[in-house]
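Trainee: sequence and predicted model, in that order:
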Amino acid sequence: MNDGVNGVALGVFIFFFLAVTAMGFLAARWRRAADEHTLDEWGLGGRSFGTWVTWFLLGGDLYTAYTFVAVPAAIYAAGAAGFFAVPYTILVYPLIFTFLPRLWSVSHRHGYVTTSDFVRGRFGSKGLSLAVAVTGILATMPYIALQLVGIQAVLDVMGVGGGDSTNWFVKDLPLLIAFGVLAAYTYSSGLRAPALIAFVKDTLIYIVIAVAIIYIPIKLGGFDEIFKAASAKYTAAGAGGIVPAEAGQWTYATLALGSALALFMYPHSVTATLSGRSREVIRRNTTILPLYSLMLGLLALLGFMAIAAGVKVTNGQLAIPQLFENMFPDWFAGVAFAAIGIGALVPAAIMSIAAANLFTRNIYKDFINPAATPRQETQVSKLVSLLVKVGALVFVLTMDKTVAINFQLLGGIWILQTFPSLVGGLFTRWFHRWALLGGWAVGMLYGTIAAYGVASPTQKHFGGSSKEIPGIGEIGYIGLTAFVLNVTVTVVLTFALRALKAPEGVDETSPGDYTADAGDPNVETELPPATADASH
């Protein structure tokens, strides 16, 4: 790692950072609506984005700076086991093709802004809606923190920020500036800011990966040499070479499957989806988003390249930024660092908006101020988006980075427990609302306790997301085990509650809502407060 500042790389990084900052503020004028003071406009971009804008927005949302840094870092540290991210993103797209268009349709028909809006309307339960909202906020907070960790990794490698400076303000000033800019343009422009910046972010990432996958192997003697070096490292470490041992196959498979089920349960994934202007836009995106999986597969290979290039870092998250620093000319290293930095700003903005929308619609409006006007909702959401980002910043500045990573893993376990309520509710109302709440509670409790008991070399608790599966004896993903328990409890309780004729709540949706498109008659983009609350 450089002892001084890489001036050229830093200059290029600052140029792109200033460019996207200007775009973030100008986005407030992009597709400006007559009434900007609604959550539809600020939090969903007016539900007006077409196929390509939605594609870039979803790509920018799902393939984050942390993805750019962590996936190859996992390969660098653990070998092919880190490739689990590639099959899970392949699995996820056929899955979302079955339910995302239905979610878009019913949300467009009833003016739903969040998944909790849908759950409340479908099952007539504010309690279940609150559980989904709280889970979404809790799962999103450490995810935002990890985007800031990604920025900090880049700054460290460039020689600014981080380090051992005793002056904490000087040490963290670059990160504070990046945070301030992110907070300002998100507040002013809402979802339009990350939607516009996503074009730059994804273009830079594709360019960097295309160059890296050609240029770095040429400098290292080809892929044969790269894989030989990687295999030698893993063999020397007792890992048995590049391919993981048979004992790790259950972990690999369950982690891939569980992650695929969880990905579109995250609030930011749904926020980007609901910004699409039609059902067909969502259907098209589920078919073209796999292009990002191709990029992810190539990105993962950078972990092997870092080994072959002799990159030595104490923090694995620095491996890929350091690889770029070592292998690229300074000016192109700046482009690569900008891609990672901007790759953090886009998802962090969307995540903070999504968490704020959940708080506003499903906590503030449902329980604090039911008579809130659209303008009040928007103002509260803007303020909460700032608070969410401040919380993530405090998390990064005051806690060890491994803690942020472990809590993000815990967030994945938690968010998966909302799957029965959301996806189950899109296809059937057979599940009883109280049974869904009971199943959610069991899944959350088991997942949290099981994760708490996992230790790692650096962490006594929450040291990983895999543990022995009860009754099977294999090591598997805790989130998937908790999900199975969740569904089992939900089904059993549903039978019991139906036998007891427990009240089921009012369903405000109808079968036609789940296939409606923007041009269909009687489509409402936002229900008046009185109508929206009539069934509660």
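Mentor: Nice, I can see it.
Trainee: all strands of the protein, in order?
Mentor: With strands called from DSSP state E, the chain shows them at 466-468, 475-477.
Trainee: CSV for the ones you listed, including mean pLDDT and mean neighbour count?
Mentor: Glycine gets a C-beta too; all of them are placed from N, C-alpha and C. Shown next, in CSV, are these (pLDDT from 0 to 100; neighbours: other CB atoms under 10 Å):
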stretch, mean pLDDT, mean neighbour count
strand 466-468, 89, 18
strand 475-477, 92, 24
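Trainee: need those strands in JSON lines (columns: distance to residue 492).
Mentor: Shown next, in JSON lines, are those (distance: least, CB to CB, whole Å):
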{"stretch": "strand 466-468", "distance to residue 492": "23"}
{"stretch": "strand 475-477", "distance to residue 492": "22"}
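Trainee: which one of those lies closest to residue 127?
Mentor: Closest to residue 127 of the strands of the chain is strand 475-477 (CB to CB; 28.0 Å).
Trainee: that closest one pairs with which strands, parallel or anti?
Mentor: Strand 475-477 pairs in its sheet with strand 466-468 (antiparallel), by DSSP bridges.
Trainee: if we can go back for a sec, among the strands of the chain, which is nearest residue 501?
Mentor: Closest to residue 501 of the strands of the chain is strand 475-477 (CB to CB; 37.4 Å).
Trainee: which helix in the chain has the most residues?
Mentor: Secondary structure of the chain per DSSP state H: the longest helix is helix 126-158.
Trainee: return the set of buried residues in that helix.
Mentor: Within helix 126-158, the residues that qualify as buried are 126, 128-158, counting by 16 or more other CB atoms under 10 Å.
Trainee: about what we covered before: figure out which of the strands of the chain is closest to residue 60.
Mentor: Across the strands of the chain, residue 60 has its closest neighbour in strand 475-477 (26.3 Å, CB to CB).
Trainee: from the chain's centroid, how far away is the closest one?
Mentor: 22 Å (CA atoms, centre = their mean, to the nearest Å).
Trainee: which other residues reach it?
Mentor: 247-248, 250-251, 253-255, 257-259, 465-469 (CB atoms under 8 Å, 6 or more residues apart in numbering).
Trainee: let's see 10 Å
Mentor: 84, 247-259, 262, 409, 412-413, 416, 447, 464-470, 483-484 (CB atoms under 10 Å, 6 or more residues apart in numbering).
Trainee: how about residue 5, phi and psi?
Mentor: When quoted as degrees, to the nearest 10, the phi and psi of residue 5 stand at phi -80, psi 130.
Trainee: was I right to think it contacts residue 158?
Mentor: Yes. Counting by CB atoms under 10 Å, residue 158 is a contact partner of residue 5 at 6.6 Å.
Trainee: please name the nearest non-neighbouring residue to residue 132.
Mentor: The shortest distance from residue 132 to any non-neighbouring residue, by CB to CB, 6 or more residues apart in numbering, is to residue 116 (4.6 Å).
Trainee: any idea how far residue 336 is from residue 9?
Mentor: Going from residue 336 to residue 9 by CB to CB, to the nearest Å gives 8 Å.
Trainee: over to residue 498?
Mentor: 63 Å.
Trainee: out of these two, which sits in the busier spot?
Mentor: Taking other CB atoms under 10 Å, residue 498 and residue 9 do not tie; residue 9 has more neighbours (27 against 14).
Trainee: so what's the spatially closest residue to that one that is not a sequence neighbour up against?
Mentor: Distances taken as CB to CB, 6+ apart place residue 334 nearest to residue 9, at 3.8 Å, with adjacent residues excluded. Counting by CB under 10 Å, 6+ apart, residue 334 makes contact with 6-16, 154, 158, 324, 328.
Trainee: of those, closest to residue 180?
Mentor: Lowest distance from residue 180 to the contacts of residue 334 (CB to CB) belongs to residue 14, with 14.8 Å.
Trainee: what residues are up against the residue nearest in space to the middle of the chain?
Mentor: Closest residue to the average C-alpha location of the chain: residue 62 at 5.4 Å, with CA atoms, centre = their mean. Residues near residue 62 by CB under 10 Å, 6+ apart: 89, 92, 263-264, 266, 268-269, 272, 289, 292, 296, 347, 350.
Trainee: and the furthest pair within these?
Mentor: Across those, the longest distance by CB to CB is 18.5 Å; it joins 296 and 350.
Trainee: show me which of these two is the more surrounded one.
Mentor: In this view residue 296 and residue 350 are compared by other CB under 10 Å, and residue 350 has more residues nearby, 32 against 23.
Trainee: I'd say residue 203 and residue 295 touch.
Mentor: No. If you go by CB under 10 Å, residue 203 and residue 295 don't touch, sitting 11.8 Å apart.
Trainee: who has more neighbours, the two?
Mentor: More crowded of residue 203 and residue 295, by other CB under 10 Å: residue 295, with 21 against 13.
Trainee: so where is this structure shaky, pLDDT-wise?
Mentor: Filtered on pLDDT under 70, the chain yields the residue ranges 1-3, 31-36, 161-171, 237-245, 400-404, 519-536.
Trainee: and the residue nearest to residue 9, how far from residue 97?
Mentor: Distance, residue 334 to residue 97, by CB to CB: 39 Å.
Trainee: repeat for residue 107
Mentor: Residue 107 is 17 Å from residue 97, where distance means CB to CB.
Trainee: for residue 322, same thing?
Mentor: In terms of CB to CB, residue 322 sits 39 Å off from residue 97.
Trainee: which of these two has more residues huddled nearby?
Mentor: Just comparing residue 322 and residue 97: by other CB under 10 Å the higher neighbour count belongs to residue 322, 21 against 15.
Trainee: next up, the contacts around that one.
Mentor: 1-2, 153, 156-157, 306, 309, 311-313, 315.
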